[in-house]
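Student: sharing a model that was predicted from the sequence below.
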Amino acid sequence: MKSNLLSNIFNPADLRELNEAQLPQVAQELRQFIIDIVSVKEGHLGASLGVIELTIALHYVFNTPEDLLVWDVGHQAYGHKILTERRENFHTNRQIGGISGFPKRSESIYDTFGVGHSSTSISAALGMAIASKLKGETSKQHIAVIGDASIASGMAFEGLNHAGVTDANILVILNDNAIGIDPSVGALKKYLTAVKNGKNPKQNNIIKSLNFDYSGPIDGHDIPTLIKELNRLKKIKGPKFLHIVTTKGKGLQQAEENQVVYHAPGKFDASTGEIHLKSDENLPPKYQDVFGLTILDLAKKNEKIIGITPAMPSGSSLKFMMDEIPERAFDVGIAEQHAVTLAAGMATQGMLVYCNIYSTFLQRAYDQVVHDVALQNLPVIFCLDRAGLVGEDGATHHGVFDIAYLRAIPNMIIYAPLNEIALQNILYTAQLGLDHPIAIRYPRGRGVLPNWLAEHFGNYETVKIGQSKCLKKGTQTAVLSTGTIGKNVTQAIAELANRDAVGHYDFPFIKPLDTHTLKEIFSDYKHIITIEDGVINGGFGSAVLEFAAVNNFTNKVTILGVPDTFIEHGTVAQLQQLCKIDVKSLVNLFSNH
């Protein structure tokens, strides 16, 4: 019986003590270790399974952490984490107080760069390589592993373009698996497929034209071949590019066959791969599906409606429209900047464009939102999925900055629906013709109406721009909420002994604010409390304070939201409690006013 090798590997130095012939066994054990834990604890699966052999080969050949290894799209890095002193803690992955699901500089010396978003590895590794050269560290290696379709992003090409005219000691490894979270798209994907199939002559190689020493494509699951090639490339100076071909989900049949589903499958049976399905019966719909079903319904009735997403058709539920009306629904790949300006271009021609981008990813296209959309006052409809605290993905993925960064932009309307009905109504209203761009922010997860689809879907009402709503009158304290966090307020008020003292107002429009109602509130109540699932600095509460200052109101105002710190990973409930915007915290606060 073979002894367990992985249990004796605490760091890459231990790995390098093994014979090369033992490494396939390490790969098998490492793959099973990830499957066993992720099947119970949940997390990203397919991407890390696809790079097990590459991860082992990199740490075997290179002298990490002295040699600097940068991962792109950090959910590829589970194997890396396990081999770099975190095997015994890996079961805490993505849990509050545990290790992050992504490489994180403050967590380990082996994590050279924090990577939650995509396409940053080449620029970061190049920066490290140039810095090493300036410091005289000529023997140090710098490796960027870019995969899961992130090579198609503009930033990746900006990095390649610069690296190609330097003599920096950088190795770019393309983990070519033809899929991100959804299948890769675009001309570059077709080119890479042709290269893999031997249909593209080497003299026409894009990477060689950028002055890289190109090699490949090679089998990314063949450890001896990987080690031989990495050892060869280690001796070559200047920019190098290794093209490897891998299978996402390698080693688990279901994950190989259903790569989209097994990107992050939730809990599953480690031996069979069968996902433990949760029944959707009697549950409210996901906000993503409310968007997807509504935009499909609207697009069937209005031929000017367009849908755009940067690489998230399944996650955003734009897939519904892509399946039925593919000529008007576009996945542009991991290219947020392009998505926004593409939407702007379409809007100039009278199209009604719903540009669906996760809140945290829209940050990557801020200049385009300002210059290409808002400055030209083009009525692009931004649908910001995953707004607010998203849970286990942690600091890189929380959509908590959008209110603050969008509120500063002239011409921008900002709307946060209280529930599913409000979301479908603003999506309907937006296609009737707005004079300005609008950002509609809604959270990850489910709504509050189990019967939404049967009883409410398609029963559209026009939303009046800039109007708030009194949900409950009070006598002393007024709570002003924006978005779905208002559900916590309603529940908290219901638990109060003196609930008559507390009023509740829904402010879906953060911009423009309902100043008429605000004047009434400040005149009728002694104490104002604002609550949002975004950062306090510059957010909805700040807007209310600005209103009070301009209008000379001196009422006491308490602002609740996300504090001025990066919130780590945990369940949404845990993180709301951390930010004191959970129901229990609100009950305690309201009871004291």
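Tutor: That came in fine, so what should we check first? This is a predicted model, so every value here is computed, not measured.

Student: in the chain, which helix is the longest?
Tutor: Across the chain, the longest stretch assigned as helix under DSSP state H is helix 23-41.

Student: buried sites along that one?
Tutor: Across helix 23-41, burial judged by 16 or more other Cβ atoms under 10 Å covers 23, 26-27, 29-31, 33-35, 37-39, 41. To be clear about C-beta, it is placed using only N, CA and C from the backbone, and glycine gets the same treatment.

Student: what does the following helix or strand past that helix contact?
Tutor: Downstream of helix 23-41, the next assigned helix or strand under DSSP states H and E is helix 46-50. Here helix 46-50 makes contact (Cβ atoms under 8 Å, 6 or more residues apart in numbering) with 31, 34-35, 73, 75-79, 147-148, 175, 177, 220, 246-252, 255, 259, 262-263.

Student: shaky segments in this structure?
Tutor: For the chain, applying pLDDT under 70 flags the ranges 1, 148, 179-186, 196-204.

Student: the strands in the stretch 201-350 of the chain, which residues?
Tutor: Counting by DSSP state E, counting those that start in this stretch, the stretch 201-350 of the chain has strands at residues 213-219, 240-245, 305-309, 329-331.

Student: now the helices for the stretch 301-450 of the chain?
Tutor: 313-316, 319-324, 336-348, 359-362, 366-367, 402-407, 420-430 (DSSP state H, counting those that start in this stretch).

Student: now the shortest one, how far from the centre of its chain.
Tutor: Spelled out, that is helix 366-367. In terms of Cα atoms, centre = their mean, to the nearest Å, the centre of helix 366-367 is found 17 Å from the chain centre.

Student: elements contacting it?
Tutor: Helix 366-367 is packed against no helix or strand, with contacts defined by 3 or more Cβ pairs under 8 Å, 6 or more residues apart in numbering; DSSP states H and E.

Student: can I get the helices of the stretch 301-450 of the chain in JSON lines including mean neighbour count?
Tutor: Output for the helices of the stretch 301-450 of the chain, formatted as JSON lines (neighbours: other Cβ atoms under 10 Å):
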{"stretch": "helix 313-316", "mean neighbour count": "23"}
{"stretch": "helix 319-324", "mean neighbour count": "19"}
{"stretch": "helix 336-348", "mean neighbour count": "22"}
{"stretch": "helix 359-362", "mean neighbour count": "25"}
{"stretch": "helix 366-367", "mean neighbour count": "14"}
{"stretch": "helix 402-407", "mean neighbour count": "24"}
{"stretch": "helix 420-430", "mean neighbour count": "23"}
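
Student: as CSV, those with distance to Ala156 would be great.
Tutor: Shown next, in CSV, are the helices of the stretch 301-450 of the chain (distance: least, Cβ to Cβ, whole Å):
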stretch, distance to Ala156
helix 313-316, 21
helix 319-324, 24
helix 336-348, 12
helix 359-362, 15
helix 366-367, 18
helix 402-407, 24
helix 420-430, 33
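
Student: so which of those helices is nearest Leu480?
Tutor: Closest to Leu480 of the helices of the stretch 301-450 of the chain is helix 402-407 (Cβ to Cβ; 13.5 Å).

Student: would you list every one of the strands in the stretch 1-150 of the chain?
Tutor: 68-71, 142-147.

Student: just the stretch 401-550 of the chain next, same as before
Tutor: Using DSSP E, counting those that start in this stretch, strands in the stretch 401-550 of the chain cover 413-415, 438-441, 469-472, 477-481, 502-506, 509-511, 527-535.

Student: so for Leu15, which of those strands sits nearest?
Tutor: By Cβ to Cβ (comparing all of these), the closest turns out to be strand 527-535, at 41.5 Å.

Student: other SSEs contacting the closest one?
Tutor: Applying 3+ Cβ pairs under 8 Å, 6+ apart, we find strand 527-535 packed against helix 402-407, strand 477-481, helix 486-494, helix 540-550, strand 556-562, helix 583-591.

Student: from Leu389, how far off is the most centrally placed residue in the chain?
Tutor: In the chain, the residue lying closest to the centroid (Cα atoms, centre = their mean) is His397, at 4.7 Å. Look at His397 and Leu389: by Cβ to Cβ, to the nearest Å, they are 10 Å apart.

Student: do Met322 as well
Tutor: Met322 is 28 Å from Leu389, where distance means Cβ to Cβ.

Student: what does His221 give?
Tutor: 37 Å.

Student: out of these two, which sits in the busier spot?
Tutor: Leu389 (27 against 20; other Cβ atoms under 10 Å).

Student: returning to that earlier point: make a markdown table out of the strands of the stretch 401-550 of the chain and add distance to Gln576 and mean neighbour count.
Tutor: Formatted as a markdown table, the strands of the stretch 401-550 of the chain follow (distance: least, Cβ to Cβ, whole Å; neighbours: other Cβ atoms under 10 Å):
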| stretch | distance to Gln576 | mean neighbour count |
| --- | --- | --- |
| strand 413-415 | 21 | 25 |
| strand 438-441 | 16 | 27 |
| strand 469-472 | 20 | 15 |
| strand 477-481 | 13 | 26 |
| strand 502-506 | 18 | 24 |
| strand 509-511 | 19 | 23 |
| strand 527-535 | 8 | 25 |
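
Student: figure out which of the ones you listed is closest to Phe102.
Tutor: Closest approach to Phe102 among these (Cβ to Cβ): strand 527-535, 20.5 Å.

Student: ok, that closest one: who's next to it in the sheet?
Tutor: Strand 527-535 pairs in its sheet with strand 477-481 (parallel), strand 556-562 (parallel), by DSSP bridges.

Student: same list, those strands, but as TSV with distance to Leu513 please.
Tutor: Supplementary listing: the strands paired with strand 527-535 in TSV, determined by distance: least, Cβ to Cβ, whole Å:
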stretch	distance to Leu513
strand 477-481	10
strand 556-562	14
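
Student: domain parsing for the protein?
Tutor: Domain assignment for the chain by automatic domain parsing gives 6-263, 287-456, 469-591.

Student: measure the first one end to end?
Tutor: In other words, domain 6-263. Using Cα to Cα, to the nearest Å, the end-to-end distance of domain 6-263 comes to 24 Å.
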